[in-house]
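Undergrad: compute the structure for the input listed below.
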Amino acid sequence: MSPAARGRIRRGSISSVRGQLTFVVLLTTAMALLTMTGALLYRDLTDYRQAQITDLTTEAEIITLLTTPALSFEDRQAAERNLAALSAKPEMLTAALYSDSGELYASYARRNAAPPPARAPVPRAGVQLVTGRLELTRAIQRNGEHLGVLYLSAAYDPWTHVRAYVGVLGLMMLLSLAVALVLSARLRGRITGPVEALAALADDIVTRRDPARRAPAFQLEEFSVVAQAFNSVLDESEGRTRELQDSNRALRKSENLYRAIGESIDYGVWVTDAEGRNIYASDSFLKLLGVTQAQCSDLGWSQALHPDDVEGALAAWRECVRTGGVWYRELRFRGADNRYHPVLAQGVPMREEDGRITGWAGINLDIARMKKTENALRKANRRKDDFLATLAHELRNPLAPIRHAARLLGMKGLDPAQHQMARDIIGRQVARMALLLDDLLEVSRITRGRLELRKEHVSLAALVKAAVETSKPLLEAKQHEFTVRMPEVPVELEVDPLRISQALSNLLTNAAKYTDAGGQISLEVRSLPGETVFEVRDSGIGLPAAALPTIFEMFSQVDSAIDRSEGGLGIGLALVKGLVALHGGNVEAASEGPGKGSLFTMRIPGGRPAEPAATHERRPALQEAATSRGRILVVDDNVDAAATLAMVLRSYGHTVATADCGKAALAIGEQQRPDVVILDIGMPDMNGYEVAQRLRQTGWGSGALLVALTGWGQKEDIERAHRAGFDSHMTKPADPEEIETVLEDFLKSRRAAGIAREAS
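TA: Sure thing, here's the model as predicted:
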């Protein structure tokens, strides 16, 4: 052993075998003493604590017995005396007695002690240990009646016992360690000599970098075996070193290859150890976050996560490590540019041949483009839902007055004025629905926000009348007191009458929904210079101030009105705002607060005094049609639709037959050979196109007028109808007078052609 090696061993004696043996002896002795003392101290402290608890419980029982009469007879002075008697117990800090309502009834507090709680604490079972004191809270009852609550607080000081034990422990440890030190000195010399020799040899090999040195032989059998094993390890290590040098050169080439492959991925690859700590991340990912590998290691990457993602991501990763699962999660990382970047992190566990997991390896993918596409699809889907909701909403409103008018027509004893009023209502509302369907068929215009207005000069009174008719069933059902105030001079507006009356009816319906039965609703219309103002006021539930800025947004619902929405989708007011804005106007809401009603004000630019209405002689269709009667076949699988149309045509003087399917139409047509066939397209056995083609192949059908009456009304539907042999195409619900005009023109032309043939 060289002097330098011996010097290093002496200087590091605490790390030598000799030093470790001495340390073990001393440590074992000290641990035995500490264990014994700790056990005794624990037992004494336990007994002390139990004694304190028992004492406090006994005091509580005594005080309960003494104060129960004071609470029963409301003797506050007696209660104060009973609590003050606790001053004889030095460890008692505070005491309090509370009435059955929880108010402080009587109390006692030792000097410098914190006062008792102002309100009665919740009674708990047993004694509670709080910092530096014991607390007891129990309910006081008598004959099942709750009289109040007792609260006691006592000092708890275990440190006096601890300090006594510490003094004894110190003296015993000093004596025991001295004895152990003497014994260890005799043992270590016999054992550590050969060990120190081997240590010195190893130190020389490390210092001199001389792998050729070997350990000498020792007399002790055990150390001789160790020396032989030591020399064998040196021989094997020398050979392994040469192999490792060759392997490292190949490994560096492979590492460069895989690093290049990893960097070719958006944000590269990552690797963790078996505990889930990140040990490698590609430069592209580190540059994205603006961090180093050291900062990214362990869970350092989580510091760059979006605050909303941190908790969930860490919990999921720990679960993945615990179960050895596959990692797949979308994350948002704050980049060096201070913007959040969506990243798809995915990876799999790496396993040894025995299945043991050595870590995880995976990749980070940039999914920003995918998220943009996903958001675009989500937006498109939301716009689709908006469209469907708008469709349902706009078609539902006209159905109410139609249903009531139809029921009115079915009642007995109607006078002619009531009968005509019901017919007019149905006619107007059917026209409204037809116009709505025409607009809604152009889906692309609505989804792009390009709804086209059909402006015309219309009477303000007619607009208001149409809106009131739509809202009237709900107003009457809830027995509201409804008043309308119009300008004294008739006014004419240039607007889309359907859209403006729809917007106004939405405001009236909204007021009716959110006003309790028997409430007051008023509509006041004023014609001002340059604009017309509609004010709908109600005595309903009102609006909170926080709801006013968003009340006209799509799907907006006020919390207090959810139970009154009657199935609404929260789009009524948004439609009002949109329709009014298309006319260059605006709408606003005001309310003094919940329960104080609401005021909705709609302003439309323009408005002028109405010109005297010109008189137009309407051609009596029935009278003129009498000279041009024809044989008509109406084919529709909707029996009610066919029957009602047949009734109208018969009222014009025609002979009408009906059929409910294509086969019946062909059979009846062959028997009666009608002049005109009005065909539905969608039928169960064969569609209208097939029926038309087969009719054209018959002798009588080749010259008949074929009219397609269908709900399919797009351009390609019309073109297909003409290719199938139809002469005319009409979209449901068609105006009966329009149908009669087509029939009349055809029959007149056929009669004129017949007269010409006879003359020739």
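Undergrad: SS state for F333?
TA: strand (DSSP: H, G, I helix; E, B strand; the rest coil).
Undergrad: dig out what it forms beta bridges with.
TA: On the basis of DSSP bridges, F333 takes part in beta bridges with L305, H341.
Undergrad: roughly how far does it sit from A139?
TA: Counting by C-beta to C-beta, to the nearest Å, the separation of F333 from A139 is 57 Å. Heads up, the C-betas are built off the backbone N, CA and C, glycines and all.
Undergrad: who has more neighbours out of the two?
TA: Between F333 and A139, F333 has the larger neighbour count (other C-beta atoms under 10 Å), namely 22 against 16.
Undergrad: isn't the more buried one up against L288?
TA: Yes - counting by C-beta atoms under 8 Å, L288 is a contact partner of F333 at 6.8 Å.
Undergrad: find residues that contact each of the two.
TA: H341 (C-beta atoms under 8 Å, 6 or more residues apart in numbering).
Undergrad: part of a helix, is I668?
TA: Yes - counting by three-state DSSP, I668 is located in a helix.
Undergrad: my guess is it meets A657, correct?
TA: Yes - with contact defined as C-beta under 8 Å, I668 reaches A657; the gap is 5.6 Å.
Undergrad: identify the contacts common to those two.
TA: Between them, I668 and A657 share the contacting residues L633, judged by C-beta under 8 Å, 6+ apart.
Undergrad: can you tell me what sits against stretch 590-604?
TA: So stretch 590-604 is contacted by 493, 495, 500, 503-504, 507, 510-511, 514-515, 531-545, 548, 560, 576, 580, 583-589 (C-beta under 8 Å, 6+ apart).
Undergrad: now that stretch: average pLDDT?
TA: Per-residue pLDDT over stretch 590-604 has a mean of 93.
Undergrad: okay, which residue is most central for this protein?
TA: What sits nearest the mean C-alpha location of the chain, by C-alpha atoms, centre = their mean, is D308, with 13.5 Å.
Undergrad: element containing that residue?
TA: D308 belongs to helix 307-323 when assigned by DSSP states H and E.
Undergrad: check R526 too.
TA: Assigned by DSSP H and E, R526 falls in strand 520-528.
Undergrad: show me the contacts of stretch 590-604 that map onto helices.
TA: The helices, defined by DSSP state H, take in I500, A503, L504, L507, N510, A511, V576, V580 from the contacts of stretch 590-604.
Undergrad: closest one to R485 out of the residues you listed, please.
TA: Closest approach to R485 among those (C-beta to C-beta): L504, at 13.9 Å.
Undergrad: quickly note the distance from the closest one to K89.
TA: When L504 is compared with K89 (using C-beta to C-beta), they lie 83 Å apart.
Undergrad: what's the average pLDDT for the longest helix along the chain?
TA: Longest helix in the chain, counting residues (DSSP H): helix 17-72. Per-residue pLDDT values across helix 17-72 average out to 78.
Undergrad: show me what the very next helix or strand once past it is packed against.
TA: In the C-terminal direction, the helix or strand that comes right after helix 17-72 (DSSP H and E) is helix 76-84. Judged by 3 or more C-beta pairs under 8 Å, 6 or more residues apart in numbering; DSSP states H and E, helix 76-84 is in contact with helix 17-72, strand 92-99, strand 104-109.
Undergrad: report the buried residues of the helix or strand hosting F482.
TA: Assessed by DSSP H and E, F482 sits inside strand 481-485. The neighbour-count check on strand 481-485 (16 or more other C-beta atoms under 10 Å) flags F482 as buried.
Undergrad: ok now it, how far from the chain's centre?
TA: Relative to the centre of its chain, strand 481-485 is centred 42 Å away, using C-alpha atoms, centre = their mean, to the nearest Å.
Undergrad: quick one: that strand to strand 520-528, angle?
TA: Our comparison of strand 481-485 with strand 520-528, counting by axes from the mean of the first three to the mean of the last three C-alpha atoms, to 10 degrees, yields an angle of 10 degrees.
Undergrad: neighbouring contacts of strand 481-485?
TA: By C-beta under 8 Å, 6+ apart, the list of residues contacting strand 481-485 reads V464, V468, L475, G518, G519, Q520, I521, S522, L523, E524, V525.
Undergrad: repeat for stretch 67-81
TA: 82-83, 97, 99-100, 105-108, 140, 142, 147-148, 150.
Undergrad: try it again at 6 Å.
TA: For stretch 67-81, the surrounding residues in contact (C-beta atoms under 6 Å, 6 or more residues apart in numbering) are N82, L97, A106, R142, L147, G148.
Undergrad: quick check: the farthest pair among those?
TA: A106 and R142 (16.9 Å).
Undergrad: what ranges do the helices span in the stretch 201-350 of the chain?
TA: Along the stretch 201-350 of the chain, the stretches classed as helices by DSSP state H, counting those that start in this stretch are 221-263, 283-289, 293-296, 307-323.
Undergrad: also the stretch 601-750 of the chain?
TA: Under DSSP H, counting those that start in this stretch, the stretch 601-750 of the chain gives helices at 621-625, 639-651, 662-672, 688-696, 715-724, 736-759.
Undergrad: tabulate the CA atom coordinates of the last one in CSV.
TA: Taking C-alpha atoms only, helix 736-759 is exported to CSV below (Å, rounded to 0.1, in the frame of the first residue of the first chain):
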residue,chain,number,x,y,z
PRO,A,736,-106.3,27.6,-55.2
GLU,A,737,-106.9,30.7,-57.4
GLU,A,738,-103.5,30.1,-59.0
ILE,A,739,-104.5,26.5,-59.8
GLU,A,740,-107.8,27.6,-61.2
THR,A,741,-106.1,30.1,-63.4
VAL,A,742,-103.9,27.4,-64.9
LEU,A,743,-106.9,25.1,-65.4
GLU,A,744,-109.0,27.9,-67.0
ASP,A,745,-106.3,28.8,-69.4
PHE,A,746,-105.9,25.2,-70.5
LEU,A,747,-109.6,24.5,-70.9
LYS,A,748,-110.1,27.7,-72.8
SER,A,749,-107.3,26.9,-75.2
ARG,A,750,-108.7,23.3,-75.7
ARG,A,751,-112.2,24.7,-76.3
ALA,A,752,-110.9,27.2,-78.8
ALA,A,753,-108.9,24.5,-80.6
GLY,A,754,-112.1,22.3,-80.8
ILE,A,755,-114.1,25.2,-82.2
ALA,A,756,-111.4,25.8,-84.8
ARG,A,757,-111.4,22.1,-85.9
GLU,A,758,-115.3,22.2,-86.2
ALA,A,759,-115.1,25.3,-88.4
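Undergrad: so that helix versus helix 639-651, what angle?
TA: 50 degrees.
Undergrad: what's the answer for the fourth one, then?
TA: What separates the directions of helix 688-696 and helix 639-651 is an angle of 50 degrees, with the same axes, to 10 degrees.
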